[in-house]
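Peer 1: Here you go, sequence then predicted model.
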Amino acid sequence: MQTDAGTGIHAVSLGRDQMRRLCALLLVAAIVSLSWLGTGTASAEPQLPKIVLSTLNFGTFGDHDYCHGALNVGAVAPRGKSGVVRVTVTSFGFTGNGPGWKRNPKCRFLLYMSQISGSAIAGKEFFYPVGFGPRPGEKVVREIRTGPGPVSMSVATYALDKPVRVPQTYGGSGFLTVVP
């Protein structure tokens, strides 16, 4: 250790091995302090690892006055629910033409969800009647028990109030990995 007489500053000369040890010690101290103090709590639910085959955004039309709009599909793993996928379909806003749309600005259709997973021998299909208006951000949320592991999921829309199921769009599809 050397001391400068004019300023009183002490200077330490370290060798190469001592410098490496000091850097490693500082790195370990930083990691331990961040782990001990924490970096906050995560409030968002974890996104599921996925491979998207077609799209997560798609357009559709509804039951009256040429109503039409676009949707977004999201999937998360809800906290504390093993083998469950929470599917959220969000509207970008719908519009229509004519006096019927002015009287009733809700575009209605059947929302179709299907899943095939390793825990099921056959796939499952779900149909939900929904209606979206002109305001963007309206949501439909459904939880589907898939079981853990790889899952194939699809979301589409079908015509409402028809004797035969008539697809309107083929929507979004992909593969997810659902955690146990």
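Peer 2: Happy to help now that I have it.

Peer 1: where does this structure have low pLDDT?
Peer 2: 1-14, 22-44, 46-50, 119-122 (pLDDT under 70).

Peer 1: can you give me the strands in it?
Peer 2: 2-3, 10-11, 50-52, 57-61, 68-76, 84-95, 107-117, 124-132, 139-145, 149-158, 167-178 (DSSP state E).

Peer 1: Show me what Thr169 is bridged to.
Peer 2: Thr157 (DSSP bridges).

Peer 1: and of the strands of the chain, who's closest to Arg21?
Peer 2: Closest approach to Arg21 among these (C-beta to C-beta): strand 10-11, 18.9 Å. Any C-beta I mention is one placed from the backbone N, CA and C, and that applies to glycine too.

Peer 1: Quick check: the residue lying closest to Pro180 once chain neighbours are set aside vs Ser114, distance?
Peer 2: Excluding the flanking residues, the one nearest Pro180 by C-beta to C-beta, 6 or more residues apart in numbering is Pro148, at 3.7 Å. Distance check for Pro148 against Ser114: by C-beta to C-beta, to the nearest Å, it reads 18 Å.

Peer 1: now do Tyr66
Peer 2: For Tyr66, the distance to Ser114 - C-beta to C-beta - is 28 Å.
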